[in-house]
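1. no sequence on this one, just coordinates:
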Ligand code: TYC
């Protein structure tokens, strides 16, 4: 991290003043990678138990957490099930869609930049 010393005058550091008081921290410009919300959508046909199973298996939720999120989707139409890097979010969406496709459920899962 860089310090911009405002009192680094030609009289040198031993001028009796406390350098630390005048030190200004410059904001570090760290680049955080964009994160993506994985969203689960409601439909009228996918069984509740299947959705709970998907949330437990792919999103590491407890049974209680999975029921809570499933019911939120069921009541509100959509819910965020997790926030991940682009690569992980893409994988999660593909895994949900593949499990649903195999069981012939119309469950939909998408991702959106946070
Ligand atoms: N609405 C579905 C039902 O009544 C349950 C359901 C919940 C489906 C969440 C999809 O993402 C979903 N069987």
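-> Perfect, thanks for sending it. Since this is a predicted model, take the numbers as computed values, not measurements.
2. confirm residue 52 sits in a strand?
-> No: under DSSP: H, G, I helix; E, B strand; the rest coil, residue 52 sits outside any strand and is assigned helix.
3. can you offset everything so residue one is 35?
-> Sounds good: first residue 35 from here, last item residue 86.
4. so who does the closest residue to it other than its chain neighbours touch?
-> Counting by CB to CB, 6 or more residues apart in numbering, residue 86 lies nearest to residue 100, which is 4.5 Å off, once chain neighbours are set aside. C-beta coordinates here come from the backbone N, C-alpha and C atoms, glycine included. Taking CB atoms under 8 Å, 6 or more residues apart in numbering as the definition of contact, the neighbours of residue 100 are 85, 86, 87, 89, 90, 93.
5. tell me the secondary structure at the fifth one.
-> Which is residue 90. Residue 90 carries the three-state label helix when classified by three-state DSSP.
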